[in-house]
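Engineer: Show me the folded form of this:
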Amino acid sequence: MLAGPTAGQDAAEHERTAVIAIVDYRAGNLTSVKKALDRIGAESFVTSDPEAIASAEKIVLPGVGHFAATKVLETSGMRSALQNAIQREVPFLGICVGMQWLFESSEESPETPGLGIFPGQCEHFPGEVKSPHVGWNDLLLEGSSRLLAGVPQNSFVYFTHTYRAPVVSSSVARCEYGGAFSAAVERGQVFGVQFHPEKSGEVGQAILRNFHELPC
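Structural biologist: Purely as a prediction, here's the structure:
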């Protein structure tokens, strides 16, 4: 007769955290994101395989560069895999361009559709401010957020971007630079940050840890 699991085994399984899939679509800051997740003790792997996404427990979509790079998600079959994962409520975090892709579109590449989880179009910064917006800026937190839990108001994080997402009802943090824009969005198990948590010191590590510890 097979023995059942011990109490210790039950506890270990309950405490197990999900492995994070980092999506490679040839535009992400993959090495920095992977190292940042390693630093907080998160197990992760980099993949460009839609089948790996189909079985992923958590997903990070990083991004550096042009919005048009997200076309690769369409041609590789990754877009469909990511849509299905989001529908299954797999925790999903988009970073920088990865967050902008969660909106309907971007002026940077108007013919390239976003995922449309959040309404609106990402726009270029106005001419009266220096663009791209590069460096440290503070977060203006709005409402409750699981992703930003424990992050103090006006915490500084690192940005580098030329286009910005509009402030929407799902914005949980905004930033002021040539006007207000979404610095972080959250709806259900879908999260996005315009800044780079992997380059944002202890605040960024806390945010990645919050994502890592989310229940699946």
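Engineer: How about residue 203: what's its closest non-neighbour residue?
Structural biologist: Of all residues not flanking residue 203 in the chain, residue 155 sits nearest, at 4.7 Å (Cβ to Cβ, 6 or more residues apart in numbering). In this view, the C-beta of every residue, glycine as well, is placed from N, C-alpha and C.
Engineer: just residue 82 next, same as before
Structural biologist: Closest residue to residue 82 in three dimensions, ignoring its sequence neighbours and counting by Cβ to Cβ, 6+ apart: residue 53, at 6.2 Å.
Engineer: Can I take it that the one you found is in a strand?
Structural biologist: No. Counting by DSSP: H, G, I helix; E, B strand; the rest coil, residue 53 is not part of a strand but helix.
Engineer: Least confident secondary structure element in this structure?
Structural biologist: Least confident helix or strand of the chain, by mean pLDDT, DSSP states H and E, is helix 7-15 with a mean of 42.
Engineer: ranges for the strands of this protein?
Structural biologist: 20-23, 44-47, 58-61, 92-95, 105-106, 121-124, 133-138, 140-141, 156-161, 163-164, 171-176, 180-187, 190-193 (DSSP state E).
Engineer: how about these, which one is nearest residue 114?
Structural biologist: Nearest to residue 114 among the strands of the chain is strand 105-106; the distance by Cβ to Cβ comes to 5.3 Å.
Engineer: Contacts for the closest one next, please.
Structural biologist: Contact with strand 105-106 is made by 67, 100, 112-114, 121-123, 163, as judged by Cβ atoms under 8 Å, 6 or more residues apart in numbering.
Engineer: just stretch 60-79 next, same as before
Structural biologist: 20-23, 25-30, 33, 37, 44, 48, 50, 53, 82, 92-101, 106, 108-109, 112, 114-115, 122, 160, 163, 198, 211.
Engineer: Can you flag the buried ones in those residues?
Structural biologist: When neighbours are counted using 16 or more other Cβ atoms under 10 Å, those contain these buried positions: 20-23, 25, 27-30, 33, 37, 44, 50, 53, 82, 92-101, 106, 108-109, 112, 114-115, 122, 163, 198, 211.
Engineer: Just the endpoints, please. Distance across stretch 159-179?
Structural biologist: 15 Å (Cα to Cα, to the nearest Å).
Engineer: let me redo that: stretch 40-48
Structural biologist: For stretch 40-48, the first-to-last residue distance is 23 Å (Cα to Cα).
Engineer: gap between the closest residue to residue 154 other than its chain neighbours and residue 69?
Structural biologist: Nearest in space to residue 154, with sequence neighbours left out and distances taken as Cβ to Cβ, 6+ apart, is residue 138 at 4.5 Å. From residue 138 over to residue 69 the distance is 28 Å, taken as Cβ to Cβ, to the nearest Å.
Engineer: again, but for residue 50
Structural biologist: Residue 50 is 17 Å from residue 69, by Cβ to Cβ.
Engineer: what does residue 208 give?
Structural biologist: 22 Å.
Engineer: Settle it for me: which of these two has more neighbours?
Structural biologist: For residue 208 versus residue 69, the count of surrounding residues by other Cβ atoms under 10 Å is larger for residue 208: 25 against 18.
Engineer: need the contact list for the closest residue to the more buried one other than its chain neighbours.
Structural biologist: The shortest distance from residue 208 to any non-neighbouring residue, by Cβ to Cβ, 6+ apart, is to residue 197 (5.2 Å). Residue 197 makes contact with 36, 95, 157, 203-205, 207-208, according to Cβ under 8 Å, 6+ apart.
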